[in-house]
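J.: Sequence first, then the predicted structure, then my questions.
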Amino acid sequence: MSGRTGLSNATLGAAKAVRPAYDRSAVTAGIVHLGVGAFHRAHQAVYVDECLAAGETGWGITAVSLRSPATRDALAPQDGLYTLAVQDASGEALRVIGSIGALLVAPEDPAALLGRLADPATRIVTLTVTEKAYLRGAGGDLDLGHADIAWDLAHPEAPRTVHGFLVGALAARRAAGVPPFTVLCCDNLPSNGETVRRLVLQFAKARDSVLAAALAETVAFPSTMVDRIVPATTDEDRARIAASLGLDDAWPVKAEPFRQWVVEDRFTLGRPAWEHFGVTMVADVRPYEEMKLRLLNGAHSGLSYLGLLAGRASVSAAFGDPAIRRFVDGLWDEAIPSLPADAGLDPQAYVGALAERFSNPALVHRTAQIANDGSQKLPQRVLASARAAVEAGRPARHLTLAVAAWIAACAARGRSLPAGHFTDPLDAPLDAILAGDPPAEAAVAAVFAAAGFDAVLGPTRDPLTALTAQHLTILRTEDAAAAIAAAAG
């Protein structure tokens, strides 16, 4: 740190930034958030900050780290305050967020967290714990053999997992006659509310089948869709933000201007009036989830692989390449008709916003980072749209080019790209298939089989395999620009 005074309640008035427009001492905590990290602090906590400023002072956040004390250690001396730096091509705007009050570290005092969750004042429990923390087995159900699950079942008073804390607190509330809180998952899982409900009830059944049946009847698990790019904070960011703020901030966060939160409107004990602050409250999140997967994530995957092949290290650099921009426009044209037409979506406005986001040079979103785990991501992001297009008699040339570019980029590692530049769970079989550059159609067919794409594509497998192989041939013999030109016809 620089030796400047640190950010806190006492120094807040000196902060050269937009400051919380409410009396923090009047705020009470109605939300417990599990998994406090940069995304939560740049997303849900900001929406809650706006609700508090509008007078809904019963919805402050108790923020919980499930593993590391690092966030607590950084923010507790700052009374939970931190700076949000919103970045775009015009510069950086600073805002101090005040919605987080108490900060807990679960492993240090599990009983304290159980008590906070069981407190009648807690009405919503939000989660951003990442997919790994849900401890799913290969089939998608709860891994009851996991050591931490076994521990929680044997030691309900000192849980280690999300499941143990949620079920332990819900059991305590039920025993005390307190209605259950709403469990609001904000992780990037398809149908995240339904998924978390299934896992929590599986844990509850392993603990007590009567309890599980009661929770199944009374606990709401709304699904959500969240979106905002939040890069990791660097020491350079800390120094720059401190100089602008006039105060030291141990852990600011930075983000793009765009943010989106779509929430299924189903809560047991009320909720903030989030709809007044840009949150889309809906009966069904799934159409919005599909739009994000097929238009944002699908374009991200396609431009990342083509960007890697064309030497573009970031999203903004790749999107700034005229050929790759034409590819993205073509992919959107092919994917948009696969979205439901009667769900109230506005895909043209959405891709207009995406174009602005992809062009933002202030956020260095690395193509190599997006390229990771393609075998797991492409089915939802690209192949579902490609199958729908072929079944409807529409073109899928740009969608299949995205898949061919993934295969070509995998093959390029250790050649034109550094070895290990990005990774995939299927790296070993992919490397074996692609060694020696087998004929394109044979390579694509083998990759599709190894990745389980055949089951996703069903009767469209053969035509989509052939299209993908055509693109792969051009990527091998010419370059990304030539493949994009050929896809455009």
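T.: Perfect, thanks for sending it.

J.: Show me the helices in the stretch 201-350 of the chain, by range?
T.: Secondary structure of the stretch 201-350 of the chain, counting by DSSP state H, counting those that start in this stretch: helices at 209-218, 235-245, 286-291, 298-309, 315-319, 322-335, 347-358.

J.: Name the helix or strand for the residue nearest to residue 448 when sequence neighbours are not counted, please.
T.: Taking CB to CB, 6 or more residues apart in numbering as the measure, residue 448 lies nearest to residue 454, with 5.6 Å between them; neighbours along the chain are not counted. For glycine as for every other residue, the C-beta is placed from the backbone atoms N, C-alpha and C. Under the criterion DSSP states H and E, the helix or strand holding residue 454 is helix 453-457.

J.: Just the pLDDT for residue 2.
T.: For residue 2, the model assigns a pLDDT of 66.

J.: Could you do residue 363 as well?
T.: The predicted local confidence for residue 363 is 83.

J.: residues contacting it?
T.: With contacts defined as CB atoms under 8 Å, 6 or more residues apart in numbering, residue 363 is in contact with 87, 229, 231, 254-256, 315-316.

J.: and the residue nearest to residue 448, how many neighbours?
T.: The criterion is other CB atoms under 10 Å. On that basis, residue 454 has 14 neighbouring residues.

J.: ok, now residue 346?
T.: Applying other CB under 10 Å, we find 10 other residues in the vicinity of residue 346.

J.: Which secondary structure state does the residue nearest in space to the middle of the chain sit in?
T.: Per CA atoms, centre = their mean, the C-alpha nearest to the average position across the chain is that of residue 188, at 4.0 Å. Following DSSP: H, G, I helix; E, B strand; the rest coil, residue 188 is assigned to coil.

J.: Where does pLDDT dip in the protein?
T.: 1-2 (pLDDT under 70).

J.: try 80 this time
T.: Filtered on pLDDT under 80, the chain yields the residue ranges 1-3, 138.

J.: how does it divide up, domain by domain?
T.: Following automatic domain parsing, one gets these domains for the chain: 12-282, 286-488.

J.: Which stretches in the protein count as strands?
T.: Assignment of strands within the chain using DSSP state E yields the ranges 29-34, 60-65, 82-88, 91-97, 100-105, 124-127, 182-185, 224-227, 253-255, 260-264, 280-282.

J.: Can you list the helices and strands that the first one packs against?
T.: For strand 29-34, the helices and strands in contact under the criterion 3 or more CB pairs under 8 Å, 6 or more residues apart in numbering; DSSP states H and E are helix 44-53, strand 60-65, strand 100-105, helix 110-118, strand 124-127.

J.: what's the answer for the third one, then?
T.: Identification of packing neighbours for strand 82-88 by 3+ CB pairs under 8 Å, 6+ apart yields helix 38-42, strand 91-97, helix 235-245, strand 253-255.

J.: Please identify which of these is closest to residue 55.
T.: Taking CB to CB as the criterion, strand 91-97 is the member of the helices and strands packed on strand 82-88 that comes nearest to residue 55, at 17.3 Å.

J.: and the closest one with helix 235-245, angle?
T.: Strand 91-97 and helix 235-245 are oriented at 80 degrees to each other (axes from the mean of the first three to the mean of the last three CA atoms, to 10 degrees).

J.: outside of strand 91-97, which residues touch it?
T.: Taking CB under 8 Å, 6+ apart as the criterion, the residues outside strand 91-97 that touch it are 7, 12, 15-20, 41, 45-46, 49, 81-86, 240-241, 244-245, 254, 362.

J.: Give me the neighbour count for residue 275.
T.: If we define neighbours as other CB under 10 Å, then residue 275 has 13 of them.

J.: in terms of contact, does it touch residue 282 like I think?
T.: No: counting by CB atoms under 8 Å, no contact exists between residue 275 and residue 282, whose distance comes to 10.0 Å.

J.: can you tell me which residues contact the residue nearest to residue 260 when sequence neighbours are not counted?
T.: The shortest distance from residue 260 to any residue that is not its chain neighbour, by CB to CB, 6+ apart, is 4.2 Å, and that residue is residue 227. Residues in contact with residue 227 (CB under 8 Å, 6+ apart) are 258-261, 292, 296.

J.: Could I get the residues you listed in TSV, plus columns for neighbour count?
T.: Compiled in TSV, these are given as follows (neighbours: other CB atoms under 10 Å):
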residue	neighbour count
258	15
259	19
260	17
261	20
292	20
296	19
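
J.: now, the most widely separated pair of these?
T.: Pairwise distances across these peak at 14.3 Å for 261 and 296 (criterion: CB to CB).

J.: Residue 198 and residue 358, how far apart?
T.: In this view, residue 198 and residue 358 are 35 Å apart by CB to CB, to the nearest Å.

J.: more neighbours, those two?
T.: residue 358 (24 against 17).

J.: Verify the contact between that one and residue 317 for me.
T.: No: judged on CB under 8 Å, residue 358 makes no contact with residue 317 at a distance of 10.3 Å.

J.: ranges for the helices of the stretch 351-489 of the chain?
T.: Assigned by DSSP H, counting those that start in this stretch, the helices in the stretch 351-489 of the chain fall at 367-371, 374-378, 384-391, 397-412, 427-434, 440-451, 453-457, 461-477, 480-488.

J.: Out of the ones you listed, which gets nearest to residue 145?
T.: Minimum separation from residue 145 across these (CB to CB) falls at helix 374-378, 22.3 Å.

J.: Buried residues of the closest one, list them for me.
T.: By neighbour count, and taking 16 or more other CB atoms under 10 Å as the criterion, the buried residues in helix 374-378 are 374-375, 377-378.

J.: repeat for stretch 324-338
T.: Within stretch 324-338, the residues that qualify as buried are 324-328, 330-332, 334-336, 338, counting by 16+ other CB under 10 Å.

J.: Stretch 469-479 too?
T.: Taking 16+ other CB under 10 Å as the neighbour-count basis, stretch 469-479 is seen to contain the buried residues 469-476.

J.: Also stretch 433-445?
T.: Within stretch 433-445, the residues that count as buried by 16+ other CB under 10 Å are 433-434, 440, 443-445.

J.: Turn those into TSV, including distance to residue 91.
T.: Below are the buried residues of stretch 433-445 laid out as TSV (distance: CB to CB, whole Å):
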residue	distance to residue 91
433	47
434	44
440	46
443	47
444	45
445	50
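
J.: Out of the residues you listed, flag the one nearest to residue 409.
T.: Minimum separation from residue 409 among these (CB to CB) is found for residue 434, which lies at 10.6 Å.

J.: Wait, that closest one touches residue 413, no?
T.: No: the pair residue 434 and residue 413 does not pass the contact test of CB under 8 Å, sitting 9.5 Å apart.

J.: can you count the residues close to residue 290?
T.: Neighbour count of residue 290, defined by other CB under 10 Å: 21.

J.: And it, how far from residue 29?
T.: Between residue 290 and residue 29 the distance is 34 Å, computed by CB to CB.

J.: Could you count how many residues lie near residue 104?
T.: 21.

J.: How about it: what's its closest non-neighbour residue?
T.: residue 64 (4.8 Å).

J.: Check residue 191 too.
T.: Leaving aside its chain neighbours, residue 191 sits nearest to residue 223 (5.7 Å; criterion: CB to CB, 6+ apart).

J.: Give the buried residues for stretch 270-286.
T.: Along stretch 270-286, the positions that meet the burial threshold by neighbour count (16+ other CB under 10 Å) are 271-272, 274, 277, 279, 281-282, 285-286.

J.: Quick one: those residues as CSV, columns for distance to residue 70 too.
T.: Compiled in CSV, those are given as follows (distance: CB to CB, whole Å):
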residue, distance to residue 70
271, 30
272, 28
274, 29
277, 29
279, 29
281, 33
282, 35
285, 32
286, 35
